[in-house]
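J.: 3D model of this:
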Amino acid sequence: MTDEELLGYAFIHCETELALFHRQHIIRLFALAGEECPDLGFRSFWSVGPEIVKPLVEKAVKRLQEEVSA
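T.: Numbers count the residues shown, from 1 in each chain. Predicted structure coming up:
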């Protein structure tokens with residue numbers, strides 16, 4: 001999955017009833033946003049809602065756009 005695909009998926013998926021994300025996707029979302037990922041422990045899947053995901057996606061999109069225009 002490309003960075004853009006992950007961001008689109010996360011933006012939509014975080015609004016679903018369960019909003020389960022694989023830990024690697026959460027780690028990648030934080031990295032794309034330039035944020036430090038919190039300790040996720042050993043669980044493989046996490047339920048993460050829009051209040052966390054949408055700001056990360058917005059930051060990540062902005063960073064990717066800045067990289068392209070640089």
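
J.: where does the protein have its least confident helix or strand?
T.: strand 45-47 (a mean of 90; mean pLDDT, DSSP states H and E).

J.: Direction included, what does it pair up with?
T.: Using DSSP bridges, strand 45-47 pairs in its sheet with strand 20-22 (antiparallel).

J.: Run a quick neighbour tally on Pro50.
T.: 16 (other C-beta atoms under 10 Å). Where you see a C-beta, it was placed from the backbone N, CA and C, and this is true even at glycine.

J.: which other helices and strands contact the strand or helix carrying Val57?
T.: Applying DSSP states H and E as the criterion places Val57 in helix 50-69. If you count contacts as 3 or more C-beta pairs under 8 Å, 6 or more residues apart in numbering; DSSP states H and E, helix 50-69 packs onto helix 3-13, helix 23-33.

J.: Please work out the angle formed by the directions of the first one and helix 23-33.
T.: Read that as helix 3-13. 110 degrees (axes from the mean of the first three to the mean of the last three C-alpha atoms, to 10 degrees).

J.: what's the average pLDDT for helix 3-13?
T.: Helix 3-13 carries an average pLDDT of 95.

J.: what does it contact?
T.: 1, 19, 21, 25, 28-29, 32, 53-54, 56-57, 60-61, 64 (C-beta atoms under 8 Å, 6 or more residues apart in numbering).

J.: Single out whichever of those has the smallest pLDDT.
T.: Ranked by pLDDT, the contacts of helix 3-13 bottom out at Ala19 (89).

J.: now Leu29, nearest residue through space, not along the chain?
T.: Spatially, and ignoring its direct neighbours in sequence, Leu29 is nearest to Leu56 (4.9 Å; C-beta to C-beta, 6 or more residues apart in numbering).
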